[in-house]
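> Here you go, sequence then predicted model.
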2 protein chains.
Amino acid sequence: MPKLYNLDRSGNCYKVRLLSALLGVPLQIEDIDFLGGEHKRSPLIDLNPFGEIPVFVDGDVVLRDSQTILAYIARKWGGEQWLPIDPQGLASVMSWLAVAENEIARGPADARVHDQFGAKLDAGLARQKAARVLGLMNAHLANRQWLALDRPTIADIACMPYVALSNEGGISLEPYPSVCNWLDRVMALPGAIPVPRLASAHAA
Amino acid sequence: MPKLYNLDRSGNCYKVRLLSALLGVPLQIEDIDFLGGEHKRSPLIDLNPFGEIPVFVDGDVVLRDSQTILAYIARKWGGEQWLPIDPQGLASVMSWLAVAENEIARGPADARVHDQFGAKLDAGLARQKAARVLGLMNAHLANRQWLALDRPTIADIACMPYVALSNEGGISLEPYPSVCNWLDRVMALPGAIPVPRLASAHAA
């Protein structure tokens, strides 16, 4: 069974759990002591010298970077459905993986890590970037159901968590109705698991 | 013939030209008026709403994001050589595309765009991030010829330009001999074209 070094409240770990749930791939979840810096020292740092989570281990395959892990799971257990390999289909999905890796990470995800976890970064700039990417996504989704293709792909799984958690970075999704409808569609996929919202975590 | 909306001194445009040269894919190069903001208005903004270059057009396929364009070219004209599709091989390459999209973009590339083009960003932080990723790459390359597999892939093409241009962001590569040897290997590939260094551009 593949193993996920996990932090429940991390959107990047959540996206791996979400795709695994959608595909029915069982995971051995190992929660790490994030605040204690377990990912910054041995043995975890030896699995991922970049010192980040998620880390995914499947036999002798060790993977870092959440988008990369999604691609691996999609190719190994999802056939052509979630990540096609024809040049155009692959590129269409990858262009949104890049948005997850860049614009969404530097926008709503940075705003959240600032507001909730006290990260030292320019929260105003993060919110500016969030507004830009959310506006672009809203326009893109105005006449589409899914980000990359006419079906859900790992593009949707990669982009949705930190968009869904925008409110935790002080960003309202009200101006972006097409984005909200798209989030609802992702959550309605058979097998989907809920986004780990901090408010409910605190209430629990 | 595919068309590349191009800026010669952009490392992201260069990596598309480099892979095309290595694979013998002829390109119609259209240089854009970057300082005049041609990429921020119609018709180019309609091809890429994110307002960035490179933009790549192949028939009715329109692509943004340099890593995505590399993947498309590799899959369409490069067979399995430059981007394999088995889960492990694909993931190995993609994990380095993520480094190009994230750590290298926020490190040496940001330091260069600050020093050379006056971008308003924290150059000290960019140089810190550059030192970290260059150290990690140097360790990774100590006993490897190429970043992802036992042969060159688009991982190498995606990561090399802004590493090669580190000096234009005030970063010396002297502490990273394995990185330097790797850069030399990329440049020695049959068909490789030189990195667009600003100094030589000025001298020309």
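Yes, it's here.
> Chain B contacts on chain A?
By CB under 8 Å from any CB of the partner chain, the part of chain A that sits against chain B consists of A:49-50, A:61, A:63-65, A:67-69, A:71-72, A:75-76, A:85-88, A:90-91, A:94-95, A:97-99, A:101-103, A:105, A:136, A:139-140. Yep, even glycine has a C-beta here, placed from its N, CA and C like the rest.
> out of the residues you listed, which are inside helices?
Among the residues of chain A next to chain B, the members falling in helices (DSSP state H) are A:67-69, A:71-72, A:75-76, A:87-88, A:90-91, A:94-95, A:97-99, A:136, A:139-140.
> are any of those residues buried, and which?
By neighbour count, with 16 or more other CB atoms under 10 Å in any protein chain shown, these hold A:67-69, A:71-72, A:75-76, A:87-88, A:90-91, A:94-95, A:97-99, A:136, A:140 as buried.
> mind checking the SS state of residue A:173?
When classified by DSSP: H, G, I helix; E, B strand; the rest coil, residue A:173 comes out as coil.
> That one and residue A:24, how far apart?
From residue A:173 across to residue A:24, the span is 30 Å (CB to CB, to the nearest Å).
> what domains does the record give for chain A?
A:3-77, A:87-187 (automatic domain parsing).
> Indicate which one of those is closest to residue B:126.
Closest to residue B:126 of the domains of chain A is domain A:87-187 (CB to CB; 13.2 Å).
> Between the two ends of that closest one, how far is it?
28 Å (CA to CA, to the nearest Å).
> Three-state assignment for the residue lying farthest from the centre of chain A, please.
Within chain A, residue A:42 marks the point farthest from the mean C-alpha position, 25.3 Å out by CA atoms, centre = their mean. On the three-state scheme (three-state DSSP), residue A:42 is labelled coil.
> again with the one 4 residues further on
Assigned with three-state DSSP, residue A:46 falls in the helix class.
> do you know how far it is from chain B?
Applying CB to the nearest CB, to the nearest Å, the value for residue A:46 to chain B is 12 Å.
> show me what contacts that residue?
Under the criterion of CB atoms under 8 Å, 6 or more residues apart in numbering or on different chains, residue A:46 has no contact partners.
> 10 Å instead?
Residue A:46 makes contact with residue A:62 under the criterion CB atoms under 10 Å, 6 or more residues apart in numbering or on different chains.
> Now do the same for it: its pLDDT.
Residue A:46 is assigned 95 on the pLDDT scale.
> where's it relative to residue A:52, distance?
14 Å.
> Could you do residue A:151 as well?
Residue A:151 is 30 Å from residue A:52, by CB to CB.
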